[in-house]
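here you go, sequence then predicted model.
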Amino acid sequence: MPLNEREQRILEEIEAQFYQEDPTFAQTVRDTTLRSFVGKKVRWAVVGLVVGLVLMLVFLPRNQYVALGAFILIVGSTVWIVTALTSRRTSDQGGPSWLDGLRQRWRRDS
């Protein structure tokens, strides 16, 4: 549903105030893309996967509880990777996401 003129004006005032109060954060928000955000999530998930694998291999003969925790970390990291890659693929195939639309509108208005 499109915004009426009053709501649009209020939103523009909020955006201007946002840029004045914290320009570095506003720049970060403007420059962050869905691809870079998902890439960071995938990198952290891969780190979790590797750490979990190492912990499981090291502690399996010594402490089964730590090995079980490491296995849970591996499964969680794998789910995180699959979820992140699936969300990126569906947003790439389905055209621009709602976040991309907001970002384009933000750039056009500023």
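Alright, I've got the coordinates.

mind checking the pLDDT average for stretch 63-77?
Across stretch 63-77, pLDDT averages out at 93.

measure the most centrally placed residue in the chain to residue 81 for me?
Computing the C-alpha centroid of the chain and ranking residues by Cα atoms, centre = their mean puts residue 37 first, at 4.2 Å. Remark: distance between residue 37 and residue 81 (Cβ to Cβ, to the nearest Å) = 14 Å. (Glycine included, C-beta is placed from N, CA and C.)

same thing with residue 13?
From residue 13 to residue 81 the distance is 41 Å (Cβ to Cβ).

buried residues, the longest helix along the chain. List them.
Longest helix in the chain by number of residues (criterion: DSSP state H): helix 64-93. Neighbour-count burial for helix 64-93, with 16 or more other Cβ atoms under 10 Å as criterion, is recorded at 67, 70, 71, 73, 74, 77, 80, 81, 84, 88, 91.

element containing residue 2, please.
Per DSSP states H and E: residue 2 is located in neither a helix nor a strand.

tilt between the helix or strand hosting residue 58 and helix 64-93?
Residue 58 is located in helix 34-59, with elements delineated by DSSP H and E. Taking axes from the mean of the first three to the mean of the last three Cα atoms, to 10 degrees, one finds helix 34-59 and helix 64-93 inclined to each other by 160 degrees.

can you give me how far helix 34-59 is from the chain middle?
14 Å (Cα atoms, centre = their mean, to the nearest Å).
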